[in-house]
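**Student:** with the sequence up front, the predicted model follows.
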Amino acid sequence: MSKQRKRNWIAGPAALVGVMMLWTAACDDDSATGLQPDELPESQLTFIPRSSAAPPLVTMDTTFWATKGEDSELEIRYQGQGGPGTGKEFLDLRIDKGTLLSRPDGTPFADGDSILIRVTVDPVFFLANFEPTGLTFNPNEPAQLEITYDEAEESALELEGEFDLWRQERANDPWVRIGSVQLEDFDEIEALLFGFTRYALAVGR
């Protein structure tokens, strides 16, 4: 199935917003009973590794400009035999024209303002750093992250139904589970991002 057909099959950002609303409501319910939203120390997470047989990524450290008032997208792919752009997708980040809200220092974006975004990928795990840390997005039009994990280690794929996307604000902080949609038929997980930090595919225990 082609990627375009796959994206038409998915309900889109509105469905993800619905999932996030349900997840937020669940967190609020936890607070009412004295429980905290899902967060774990790194020692209690099993990070999902890429297969040693997976093709290398085209890049593990890349940058692009995002501009308020314009749609932008970054894809990171595996190397393909047909040259650039022919390998399978690893990561897709979409920033719509209304997504950029404020810079790390809190100053708001005006239409036409741009910012350089950097994405670095861990050499082993489905883990990526998004910079600049502290960049915040419009809660009504958040960024959209899509990670395809069909190149995960076979042993890790046995845990597929338990995969979640987790974020970590700073080194040594606990990891926090975020609302996401898992599409097992496509070996894919999608989430809405409201800011930049460190994100990883993992199983909590």
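**Tutor:** Received it, and whenever you're ready, just let me know what you need. Numbers count the residues shown, from 1 in each chain.

**Student:** A202 and S43 touch, don't they?
**Tutor:** No: applying CB atoms under 8 Å, one finds A202 not in contact with S43, separated by 11.8 Å. Backbone N, C-alpha and C define where each C-beta goes, glycine included.

**Student:** what about the residue nearest to I115 when sequence neighbours are not counted, distance to E89?
**Tutor:** Setting aside the residues directly before and after it, I115 is nearest to A66 in space (CB to CB, 6 or more residues apart in numbering), at 5.8 Å. Going from A66 to E89 by CB to CB, to the nearest Å gives 19 Å.

**Student:** so the spatially most central residue of the chain: helix, strand or coil?
**Tutor:** Note on the chain: the residue nearest the mean C-alpha position is L145, at 3.9 Å, using CA atoms, centre = their mean. With DSSP: H, G, I helix; E, B strand; the rest coil as the basis, the three-state label of L145 is strand.

**Student:** quick check: beta-bridge partners of L93?
**Tutor:** Taking DSSP bridges as the rule, L93 bridges to L74, L145.

**Student:** quick one: least confident helix or strand in this structure?
**Tutor:** When each helix and strand of the chain is scored by mean pLDDT, DSSP states H and E, helix 3-9 comes last, with a mean of 39.

**Student:** who has more neighbours, A66 and E89?
**Tutor:** Relative neighbour count places A66 above the other of A66 and E89, with 23 against 16, counting by other CB atoms under 10 Å.

**Student:** quick check, that one in a strand?
**Tutor:** Yes: counting by three-state DSSP, one finds A66 located in a strand.

**Student:** that one and V203: what is the separation?
**Tutor:** 31 Å.

**Student:** tell me the pLDDT at the closest residue to L193 other than its chain neighbours?
**Tutor:** Residue nearest to L193 in three dimensions, not counting chain neighbours: A143, with 4.2 Å by CB to CB, 6+ apart. Listed pLDDT for A143 reads 97.

**Student:** neighbours of A143, how many?
**Tutor:** For A143, using other CB under 10 Å, the count is 24.

**Student:** relative to R167, how far out is it?
**Tutor:** 13 Å.

**Student:** over to T197?
**Tutor:** 5 Å.

**Student:** got it, and G80?
**Tutor:** On the measure of CB to CB, G80 and R167 end up 30 Å apart.
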